[in-house]
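In: got a predicted structure plus its sequence, pasted below:
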Amino acid sequence: MSTPPFPAPGSRAEVEEGTAFTPRFDGNGLVSCIAVDARDGQVLMLAHMNAESLRLTLETGEAWYWSRSRGELWHKGATSGQVQRVVEMRVDCDQDAVLIRVEVGGDGGCCHTGRRACFYRTVTLDPADGRPALRTAGA
């Protein structure tokens, strides 16, 4: 049996105030990860990490994710050249989400649609019927 890459979370006080990195993975073995541009602070994308991708990210200094749709590890930028070099990693108060500040290689994009960031649409309410609708930012 292999040793888990991260220790199990301790008490609430240890998780929230301690110095041990003990990520709390969800029922699918994942934590959410927000990637932010290290230069200007723009939120680039939200992805998920399992223990292996989180370990690889820490070891290599480049972002690795778990692709839920493909069911496999994903080294961001391995094929596109948009490698994300991690400048800083933070964890939220209960250690179930990670934020990474990154420098993006290649053309600087992060979204599979070809845009710089995945959050390119705004949600608005239609004044006539109150239903939510999407609008492309800047359009």
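Out: Yes, it's here.
In: what residues does the most centrally placed residue in the chain make contact with?
Out: Centroid-nearest residue in the chain, with CA atoms, centre = their mean: Cys33, separated by 2.3 Å. Cys33 makes contacts with Leu46, Ala47, His48, Met49, Ala63, Tyr65, Ala97, Val98, Leu99, Ile100, as judged by CB atoms under 8 Å, 6 or more residues apart in numbering. Where C-beta positions appear, they are placed from N, C-alpha and C, glycine not excepted.
In: looking at those, which is nearest Glu17?
Out: Ala97 (17.1 Å; CB to CB).
In: got a pLDDT number for Ser2?
Out: Ser2 carries a pLDDT value of 47.
In: check which helices and strands the longest helix along the chain sits against.
Out: In terms of residue count, the longest helix belonging to the chain (DSSP state H) is helix 51-60. Using 3 or more CB pairs under 8 Å, 6 or more residues apart in numbering; DSSP states H and E as the contact test, the elements touching helix 51-60 are strand 64-67, strand 72-75, strand 84-91.
In: now tabulate those in TSV and tack on mean neighbour count, distance to Pro9 and mean pLDDT.
Out: Converted to TSV, these look like this (neighbours: other CB atoms under 10 Å; distance: least, CB to CB, whole Å; pLDDT from 0 to 100):
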stretch	mean neighbour count	distance to Pro9	mean pLDDT
strand 64-67	20	19	97
strand 72-75	15	23	96
strand 84-91	16	11	98
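In: out of those strands, the one nearest Val104 is which?
Out: Checked against CB to CB, the stretch from the helices and strands packed on helix 51-60 lying closest is strand 84-91, at 5.6 Å.
In: C-terminal to that closest one, what's the next element?
Out: strand 97-104 (DSSP states H and E).
In: neighbouring contacts of that following strand?
Out: Here strand 97-104 has contacts from 23, 31-39, 44, 49, 54, 57, 63, 77, 82-92, 110, using CB under 8 Å, 6+ apart.
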